[in-house]
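K.L.:
give me a 3D structure for the following:
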Amino acid sequence: MNILVTGAAGQLGHELQVLAPHYPQHRFFFTDVQGAAEITSTTLDTHPEVSTEALPIYRLDITDAEAFAQAMEAVQGEIIINCAAFTNVDAAETNEALADALNHQAVAHMAQTAAKRNAWLVHISTDYVFGAEPYNTPCSESQKGTPTGIYGRTKLLGEDSIIASGCQHIIVRTAWLYSTPGKNFPKTIFSLLDSRPEIKVVFDQVGTPTSARDLAAALMHIIDHEGLKSEHKGVYHYSNEGACSWYDFAMALLRMCPESTCKVLPCHSDEFPSPVKRPAYSVLDKSKIKATFGLEIPHWLDSLHEVFGA
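P.N.:
Here you go, the predicted model:
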């Protein structure tokens, strides 16, 4: 299968690049807005084999509907994995037009292109589609979205546009994503543990840390499970197993730094003023994805130690 991946420079895109050599039956075309190479009519013929050399990252602006459709034609795309998004939750509140362009409008024309080509769209969404209701049990796929800010709202609109398009799709909501490259919570905490005598971390927001490496492996398992079938179409949840607060997460990271003398203290969310209210509880129910695709999902602590090697 010819697979076009957007957002290749991000955490999940990076992990898909690492996995690509293990799937020689597929041809991956990694793209990002700051990619080095152009996608042209000859890209399919000149694209290197994944097993022999590093794959290029092609330049593609997903907000350009015509450019995206042309890229899919050039590579004869059969599957889109959309990892691209505007993910800065606070900044989205003052950049609504850009957040909507990336998280909603671009997704809508991806879905339309997929529908026209009879291609599959595998789209990454977020636990931030929830939050306004006081949940205290894991959120299911059928639960009504109640976003509390522009980021969650534009991501939910993106999901709705995919469903409305009628294209073959897998929407995967995930949460608290991290990896070794990129900006994320563990890397921020590690830096603070090295530089400060004391930090405060909120204990009244609960979710599940998720390894981008595990999510990438799950996406490839889904694609290869039995081949994508029409009965697989729909919305799914994926995060690592278990649940914790951000404070618990930070304490787990502290235990991985035995030489640190920094104190990690719990605090309430209102001690860190934010332009958007974050979900107080966004643990995702993963029963559907496990049952449909036979996935075994690691516990978040096991994956954390695997990624950071401690």
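K.L.:
where exactly do the helices run in the stretch 201-310 of the chain?
P.N.:
212-224, 246-255, 287-293, 300-308 (DSSP state H, counting those that start in this stretch).
K.L.:
output these in CSV; the columns should cover mean neighbour count, mean pLDDT and distance to T40.
P.N.:
(Each C-beta comes from the backbone N, C-alpha and C, glycine too.) Converted to CSV, these look like this (neighbours: other C-beta atoms under 10 Å; pLDDT from 0 to 100; distance: least, C-beta to C-beta, whole Å):
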stretch, mean neighbour count, mean pLDDT, distance to T40
helix 212-224, 21, 97, 26
helix 246-255, 20, 98, 44
helix 287-293, 16, 97, 35
helix 300-308, 18, 97, 37
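K.L.:
please enumerate the strands of this structure.
P.N.:
With DSSP state E applied, the chain shows strands at 2-6, 27-32, 37-38, 57-59, 79-82, 120-126, 168-174, 177-178, 198-202, 206-207, 210-211, 234-237, 244-245, 263-267, listed in chain order.
K.L.:
which stretch in those strands has the least confidence?
P.N.:
Here those differ in mean pLDDT, and the lowest is strand 37-38 at a mean of 92.
K.L.:
what's it packed up against?
P.N.:
Packing partners of strand 37-38 (3 or more C-beta pairs under 8 Å, 6 or more residues apart in numbering; DSSP states H and E): strand 57-59.
K.L.:
centre of the chain to the strand it packs on, how far?
P.N.:
19 Å (C-alpha atoms, centre = their mean, to the nearest Å).
K.L.:
so what strands line up beside that strand?
P.N.:
The pairing partners recorded for strand 57-59 under DSSP bridges are strand 27-32 (parallel), strand 37-38 (parallel).
K.L.:
what's the most buried one of the ones you listed?
P.N.:
Using mean count of other C-beta atoms under 10 Å, the stretch among the strands paired with strand 57-59 with the largest mean neighbour count is strand 27-32, at a mean of 24.
K.L.:
contact partners of it?
P.N.:
1-10, 13, 16-17, 20, 39, 43, 47, 50, 55-60, 71, 75, 77, 84 (C-beta atoms under 8 Å, 6 or more residues apart in numbering).
K.L.:
try it again at 7 Å.
P.N.:
Outside strand 27-32, the residues within contact range by C-beta atoms under 7 Å, 6 or more residues apart in numbering are 2-9, 13, 17, 20, 47, 50, 55, 57-58, 60, 71, 75.
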